[in-house]
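Enquirer: pasting a predicted model and its sequence here:
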Amino acid sequence: MVRASLSPVFQGIFHARIAPERPRFQTSPSSDRPHRMVVSTLKAPKEAPMSATNWSFGDKVTHADRPEWGEGQITAIQPVIIEGQPTQRLTIRFERAGIKKLAAAVANIRPAKNQAPSSNASAPAASQDPTKIGDLELADRLIKIPDDALDPFISLEKRLAYALGLYRFSDQGGSLLDWAAMQTGLADPLSRILRHDLEAHYAKFRRNLDRHTGDLVGQLMRQDRAAVRKVGDKAPPEGQQALRRILARR
């Protein structure tokens, strides 16, 4: 029996885990007819694109990690390559933050709710026009913890990271208004709510946030103490201070 040489197609992948070379044709005792050996190959899966959404001029969007910026509209689009993958550099005019230039593959850009509602939106405001909702619902929105810190389908690490990020807000100056805009969806919260009332609602929100963040820290510490430290290292300074207070009480 003559042992067939490897095909040139397989010579370049000889170092992969391939079964030892066998005869290309094999003859059985009962028949002189050769049986052809079938060789199958597996293709490596293609890498998923960095950004699955192709934005268009005029699209209305929000930045899920900066909901306090309010709704924005895309005013310019430039194709770019990031880490070898095609994406878009977006120029967006936000109603509360002005013009921002963001890479679609990096920034957490989502369609605005009044254009295409998203079930994963981080702000608690519903798709209903926030200027038309009642005072009681506005008050409820102000003290509610955003969904990205609550959703059980989001990993504990990401929920804790989002919760610690909420400590960047305070009850002082423009930070209070940014927080209220994030919570309610109002571009100008003072058009509906007195500043004194905003401060009172913020105090309730912080108590809720402290309690919820403490719960997240406790859950994650039972699973992976090192993960708590890693999340804390990436948190804003105010979030790191909050984490130290929580850990000091344990």
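Expert: That came through fine.

Enquirer: mind giving me the domain ranges of the protein?
Expert: 52-121, 123-250 (automatic domain parsing).

Enquirer: worst average pLDDT in the ones you listed?
Expert: Mean pLDDT values for the domains of the chain show the minimum at domain 52-121, a mean of 82.

Enquirer: thinking again about what came up before, output the domains of the chain as CSV; include the columns mean neighbour count.
Expert: From N, CA and C alone the C-beta is placed, and that goes for glycine too. Shown next, in CSV, are those (neighbours: other CB atoms under 10 Å):
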stretch, mean neighbour count
domain 52-121, 16
domain 123-250, 16
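
Enquirer: quick check: longest helix of this protein.
Expert: Ranked by residue count under DSSP state H, the longest helix found in the chain is helix 195-223.

Enquirer: I'd say Val231 and Tyr162 touch.
Expert: No: here Val231 lies out of contact with Tyr162, judged by CB atoms under 8 Å, at a distance of 9.9 Å.

Enquirer: centroid residue for the protein?
Expert: Centroid-nearest residue in the chain, with CA atoms, centre = their mean: Asn108, separated by 6.2 Å.

Enquirer: can you give me phi and psi for that residue?
Expert: phi -90, psi 70 (degrees, to the nearest 10).

Enquirer: does it touch Pro67 like I think?
Expert: No: here Asn108 does not reach Pro67: they are 10.0 Å apart, not a contact under CB under 8 Å.

Enquirer: joint contacts of these two?
Expert: Counting by CB atoms under 8 Å, 6 or more residues apart in numbering, Asn108 and Pro67 have no shared contacts at all.

Enquirer: and the strands in this protein, which stretches?
Expert: 25-26, 35-36, 60-63, 72-82, 85-94, 98-103, 109-111 (DSSP state E).

Enquirer: which residues sit in contact with Ala139?
Expert: Contact partners of Ala139, counting by CB under 8 Å, 6+ apart, are His201.

Enquirer: from Arg244, how far out is it?
Expert: Ala139 sits 31 Å away from Arg244, going by CB to CB, to the nearest Å.

Enquirer: do Ala187 as well
Expert: From Ala187 over to Arg244 (counting by CB to CB), the distance is 35 Å.

Enquirer: same check on Leu177?
Expert: Distance from Leu177 to Arg244, counting by CB to CB: 27 Å.

Enquirer: check Asp188 too.
Expert: Counting by CB to CB - Asp188 and Arg244 are separated by 35 Å.

Enquirer: same question, Arg168
Expert: For Arg168, the distance to Arg244 - CB to CB - is 16 Å.

Enquirer: and the helices in the chain?
Expert: 8-11, 135-143, 156-165, 173-184, 195-223, 225-234, 237-248.

Enquirer: right, so of the ones you listed, which gets closest to Val61?
Expert: Closest to Val61 of those, according to CB to CB: helix 173-184, at 15.5 Å.

Enquirer: packing partners of that closest one?
Expert: Applying 3 or more CB pairs under 8 Å, 6 or more residues apart in numbering; DSSP states H and E, one finds that helix 173-184 makes contact with helix 135-143, helix 195-223.

Enquirer: quick one, that helix and helix 195-223 angle?
Expert: Between the axes of helix 173-184 and helix 195-223, defined by axes from the mean of the first three to the mean of the last three CA atoms, to 10 degrees, the angle is 70 degrees.

Enquirer: what's in contact with helix 173-184?
Expert: Against helix 173-184 from outside (CB under 8 Å, 6+ apart): 67-68, 70, 96, 123-125, 130, 138, 141-142, 144, 146, 168-170, 186-190, 192-193, 195, 198-199, 201-202, 205.

Enquirer: so how far is it off the chain centroid?
Expert: With CA atoms, centre = their mean, to the nearest Å as the basis, helix 173-184 stands 22 Å off its chain's centre.

Enquirer: can you show me the CA trace of that helix as CSV?
Expert: This file holds the C-alpha atoms of helix 173-184, laid out as CSV (Å, rounded to 0.1, in the frame of the first residue of the first chain):
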residue,chain,number,x,y,z
GLY,A,173,-25.3,74.1,41.2
GLY,A,174,-25.6,72.6,37.7
SER,A,175,-24.9,69.1,38.9
LEU,A,176,-28.3,69.0,40.6
LEU,A,177,-30.0,70.1,37.3
ASP,A,178,-28.0,67.5,35.4
TRP,A,179,-29.2,64.8,37.8
ALA,A,180,-32.8,66.0,37.5
ALA,A,181,-32.6,66.1,33.7
MET,A,182,-31.3,62.5,33.7
GLN,A,183,-34.1,61.3,36.0
THR,A,184,-37.0,63.1,34.4
